[in-house]
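In: need coordinates for the below:
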Amino acid sequence: MSHLRLKERRREDYGYIKEYRTRWSDNDMYDHMNNSVYNFLFDSVVNTYLIEECGLHPPTSSQYGLVVHSHADFFGSIAFPAVADLALRVNKLGKSSVTYEIGLFEQGIQEVKSVGEIIHVFVDRETGRPAANGMNESLKEGLLKLVMEQKRSKL
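Out: Residues are numbered from 1 along each chain as shown. So this is what the prediction gives:
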């Protein structure tokens, strides 16, 4: 999806939203949240969803997601003491992989501040390789709830 189209994202484009209270330590010397914190938050909202809605238990589940790609586009900044909304959707669900899109919004402001993408490949804990039958049904069922209608996209 083009950079301009991502900038038009709104909360209603996503199926799952979590609140995050920024911390003093999130800010950098430029008085806004450091770019590395965005990546931390994107990973956190994805894994929170997997734990809460897909039955993932990171230390013991038979499968887990390896990040094979991530990136972010930035459209504005956010800073402590703002409260962020982290919005999650699934743009592509494959046999053993999933492409997530995460929008970061500041509460009280409609425009998206950043849009990130993470691609997970789910692998078996014992082999570290994708399972022949793909991801577990509980993962797939939970992730299907976040698959959003969209036009063909390069994102």
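
In: C-alpha from now on. contacts and neighbour counts both.
Out: Noted.

In: do you know the pLDDT at the spatially closest residue to Q63 that is not a sequence neighbour?
Out: The shortest distance from Q63 to any non-neighbouring residue, by C-alpha to C-alpha, 6 or more residues apart in numbering, is to D124 (4.5 Å). You'll see D124 listed with a pLDDT of 95.

In: quick check: buried residues in the longest helix seen in the chain?
Out: When the chain is parsed with DSSP state H, its longest helix is helix 35-54. Burial within helix 35-54, assessed by neighbour count using 16 or more other C-alpha atoms under 10 Å, is assigned to 38-39, 41-43, 45-47, 49-50, 54.

In: so V37 sits right up against D26, yeah?
Out: Yes. V37 is within contact range of D26, at 6.5 Å (criterion: C-alpha atoms under 8 Å).

In: list the contacts of stretch 40-51.
Out: Stretch 40-51 has contacts (C-alpha atoms under 8 Å, 6 or more residues apart in numbering) with 16, 18, 56-58, 86-88, 100, 102, 116, 118, 139, 142.

In: report the angle between the axes of the helix or strand just after the longest helix of the chain and helix 35-54?
Out: Per DSSP states H and E, the first helix or strand lying C-terminal to helix 35-54 is strand 63-74. Interaxial angle of strand 63-74 relative to helix 35-54 (axes from the mean of the first three to the mean of the last three C-alpha atoms, to 10 degrees): 140 degrees.

In: right, and the helix or strand after strand 63-74?
Out: strand 83-93.
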